[in-house]
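> have a look; sequence and predicted model below, questions after that.
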Amino acid sequence: MESSIKRIRGVAEAPEQAFDDEIVDLDFHVNPLEDELLAYVEDDRALDKLTTEFGATPVMGKWDAAYGIKEGQEGLFTQGRAKYAEDVREACAPLAIDEPIVNPGINNLNLQHHPVLKNAVCQAANDYMLDHFVDEGVYTAMMVPKWDPDYAVSEIDRLADEDGIVAGYSWFDPKVPWGNEQFDPVFEALVKHDLPLLLHGSLAYWPQHSYIGDDMLTWTEVLGFDWPIHAMVTVVNMIMRGVFDKYPDLSVVIQEGGHWWVPFLRYRMDEFYEMHPEDIQITPRKMESGERYLGRLPSEYLRDNVYFCTQPFALPRNAGEAENLLDLSLADEMFLYSSDWPHQTLDPPTWFYTSRAFDEETRKRILSENAKEILTI
Amino acid sequence: MAHTENFRKVAEVGDIPLGEGEGFDVGGIEIAVFNTGDEYYAISNRCSHQHAPLCKAGERKINAEDTWTDERGGVDTEACTVSCPWHLWEWDLETGEHEASGQRIGTFDCTVEDGDILVRI
Ligand code: FES
C-alpha cells in the first residue's frame, strides 16, 4: 500500500508532453541590477545624471499592479529576477521553454523625460544584453528607442548583425503611434536586417492625464483594457497609414496587448474601409506614392504582417468556445506563445495541453513554428 | 485506532518544515501537505487556475535577494492559506476555497499519529 505513495519532487511545472515539444517564448524579461546596467553607460555626463538620488528611471506609472495584489510590489518579480543567462536557463527548465527570446525589461524607460538620458540607458541595456545574453547563446530582442528614430536606426545598425539579436523590442504607448511616417527609417532598418518589431505594453503610463485615464481606478482596467485599446489603435494606425504597403516584409508582434480582438478588427476594418476609402489617398505615404487606395484589404495586412503574443491568454474554459475563438482569431497563423516571466501574469505553456481546444498542428504553430517563421533562429 | 482508518502515511513529523509544503502522489492523486505550525493540511496539489503545483508555494525565487519578497507564493500560517507560486491565488487550506473567484479545490483530512502524518484520500 505504502508503495503507491510517492513524493513529488523534481523541477517539472509543465505537463509532460510540453517537454517533448519545442517551445519558443517571445516575451521573457530579464532585469539587470541598476548598478550593473549603468556600468555600461558610455557617456560620462549622462552617467552622472543617471546616478543621482532619483535613479535611472525616476518617473513612475500612475497606477501599478502592486495595488491589485496582496503581496504589493511582488507582482513584477513574482517568479524571481533573471540577471544573467544561467538564471534564464534555470527559469525555463521547469516550464519546458526551449528558446526564450529575452528582452531588457526596462519598460518604464519610454515614459521618462530626457531623451539624452533615455538613449544612454538604451545603449547600456543593449550592451548589457550583448555581454550577458547574446554572447552566452540566448536569443535577444534588442531595445529600439522609439523616442528617437535616428538613434533607433543607429542602434539597429550597430547591433543587428550579431547572431543572437533576433528582434527589436519597443512599445505601443500613448505617444506618437507607429503609423507615423517618422518611423519609416526604423522600419527600413528592421526590414534590412530581417528583424521583427516587438511592441510591448508598459505600466499605467497610458492613458495618463486624460479623463478616461484618470478614472481608471483598478489594475484590471489598466492592464486588461487600456493596453489592448492602445495596441489596437497602433495596429490600425499602421495598416491604414500604409506602413505595410511600403514595408510588406515588416513583421510586428503585439505583446501583452490582448489578442482576442483580432476578429473584431478583421471584420470592422474591412467594412469601414470599403465604405470610406477616399481619405487613404491623402495620407502622407500615399501622397508620396500617388496611390489612391491600400494595396489590399486591411484584414490581409493584419493576417500577414501582425502577430500576437498569447500572454495573458485568458482562454475560455469551455473547449468549444475556445476553439471557435482560436479559429476566428486565425491563431494558427498569428499567435505566438509568450510567458512574460517573471511577472505575476506569467503564462506557462499549460493552456496548450490542458484545453482540448488545440489540435496538434495549432499547438505546434503557436508554441514554435510561427515564431520561427519571423525570427531568424 | 478507528478514527485513522483509511488514512495513509505520507510523511513523518519533521519532514515538512514549518510554513512549507510537500507534494505527494497518492495512488495517482496529487496532494500537497502544508505545515502551518498548529496543524498539517492536505489539499489538491493542482491550482484550479492554470494547474500550478501548489507544493512549490514558498519556493525560493531565482535571485531572491534582488527582489522584494523571497518566495514564490507561500503559506500564510496565521490566515491558514497558501498562495499559488504562479499567480498568487490564495487558497484557504481548510476549505479549499479561493475567495475572489469562488472556486474550490479538493481538501483531504490530515492528522498526525505517533509522529506520522496521515492523509485520507
Ligand atoms: S495557476 Fe495558481 S494562481 Fe494561476
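Happy to help now that I have it. Numbers count the residues shown, from 1 in each chain, chains lettered A, B, ... in the order given.
> wasn't residue A:158 part of a strand?
No: counting by DSSP: H, G, I helix; E, B strand; the rest coil, residue A:158 is located in no strand; its state is helix.
> strands along chain B, start to end?
Ranges of strands in chain B, per DSSP state E, are B:7-12, B:21-26, B:29-35, B:40-44, B:59-60, B:71-72, B:74-76, B:81-83, B:90-92, B:97-98, B:103-104, B:107-113, B:116-120.
> with chain A as the reference, name the closest of these.
Chain A sits nearest to strand B:21-26 of all the strands of chain B, at 3.3 Å, using C-beta to the nearest C-beta. (Glycine included, C-beta is placed from N, CA and C.)
> buried stuff in that closest one?
Buried residues in strand B:21-26, counted by 16 or more other C-beta atoms under 10 Å in any protein chain shown: B:21, B:22, B:23, B:24, B:26.
> any idea how many residues pack against residue 52?
By default, I'm working from chain A. 9 (other C-beta atoms under 10 Å in any protein chain shown).
> not what I meant, chain B
Residue B:52, neighbours per other C-beta under 10 Å, totals 24.
> excluding its backbone neighbours, what's nearest it?
residue B:86 (4.0 Å; C-beta to C-beta, 6 or more residues apart in numbering or on different chains).
> ok, now which ones touch that neighbour?
Counting by C-beta atoms under 8 Å, 6 or more residues apart in numbering or on different chains, residue B:86 makes contact with A:78, A:79, A:346, A:348, B:47, B:49, B:50, B:52, B:72, B:73.
> restrict those to those near the ligand?
Among the contacts of residue B:86, the residues that sit close to the ligand (C-beta under 6 Å from any ligand atom) are B:47, B:49, B:50, B:52.
> pLDDT value on the first one, please?
In this model, residue B:47 is scored at 96, pLDDT.
> surely it touches residue B:105?
Yes: contact criterion C-beta atoms under 8 Å: residue B:47 and residue B:105 qualify, at 7.1 Å.
> joint contacts of those two?
residue B:91.
> who's more crowded, those two?
Neighbour totals were compared for residue B:47 and residue B:105, and residue B:47 leads with 25 against 19 (other C-beta under 10 Å).
> what number of residues lie near the closest residue to residue B:62 other than its chain neighbours?
The spatial neighbour of residue B:62 that comes closest, neighbours along the chain excluded (C-beta to C-beta, 6+ apart), is residue A:80 at 3.3 Å. Residue A:80 has 23 neighbours, counted by other C-beta under 10 Å.
> list the contacts for residue A:80?
A:87, A:91, A:342, B:61, B:62, B:63, B:64, B:67, B:72.
> quick one: contacts for the last one?
With contacts defined as C-beta under 8 Å, 6+ apart, the neighbours of residue B:72 are A:78, A:79, A:80, B:56, B:57, B:58, B:59, B:60, B:61, B:85, B:86.
> so what's the residue lying closest to it once chain neighbours are set aside up against?
Distance criterion C-beta to C-beta, 6+ apart; nearest residue to residue B:72, sequence neighbours excluded, is residue B:85 at 3.9 Å. When contacts are counted by C-beta under 8 Å, 6+ apart, residue B:85 touches B:52, B:53, B:54, B:56, B:57, B:58, B:59, B:72, B:73.
> most neighbours among those residues, which one?
Neighbour counts for the contacts of residue B:85 peak at residue B:54, which has 29 neighbours (criterion: other C-beta under 10 Å).
> pretty sure that one sits against residue B:42.
No: Residue B:54 is beyond contact range of residue B:42, at 10.8 Å (criterion: C-beta under 8 Å).
> strands of the stretch 251-377 of chain A, residue ranges please.
A:252-255, A:306-309, A:335-336 (DSSP state E, counting those that start in this stretch).
> could you export these as JSON lines, including distance to residue A:8?
Compiled in JSON lines, the strands of the stretch 251-377 of chain A are given as follows (distance: least, C-beta to C-beta, whole Å):
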{"stretch": "strand A:252-255", "distance to residue A:8": "33"}
{"stretch": "strand A:306-309", "distance to residue A:8": "31"}
{"stretch": "strand A:335-336", "distance to residue A:8": "31"}
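> rebuild those as a markdown table, extending it with distance to residue A:66 and mean neighbour count.
A markdown table is the format used below for the strands of the stretch 251-377 of chain A (distance: least, C-beta to C-beta, whole Å; neighbours: other C-beta atoms under 10 Å in any protein chain shown):
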| stretch | distance to residue A:66 | mean neighbour count |
| --- | --- | --- |
| strand A:252-255 | 21 | 27 |
| strand A:306-309 | 23 | 25 |
| strand A:335-336 | 28 | 28 |
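> closest to residue A:234 out of those strands?
strand A:252-255 (7.6 Å; C-beta to C-beta).
> what's near enough to touch the residue sitting furthest away from the middle of chain B?
Largest separation from the mean C-alpha position in chain B: residue B:66, at 26.5 Å (C-alpha atoms, centre = their mean). By C-beta under 8 Å, 6+ apart, the contact list for residue B:66 reads A:31, A:33, A:81, A:83.
> of those, keep whichever come out buried.
So, by 16+ other C-beta under 10 Å, the buried ones in the contacts of residue B:66 are A:31, A:81, A:83.
> who's in contact with the second one?
Okay, so that is residue A:81. A:31, A:87, A:342, B:61, B:62, B:63, B:64, B:66, B:67.
> from residue B:115, how far out is it?
39 Å (C-beta to C-beta, to the nearest Å).
> how about residue A:134?
In terms of C-beta to C-beta, residue A:134 sits 54 Å off from residue B:115.
> neighbour count for the two, which is higher?
Applying other C-beta under 10 Å to residue A:134 and residue B:115 shows that residue A:134 carries more neighbours, namely 22 against 9.
> need the phi and psi values for that one.
phi -60, psi -50 (degrees, to the nearest 10).
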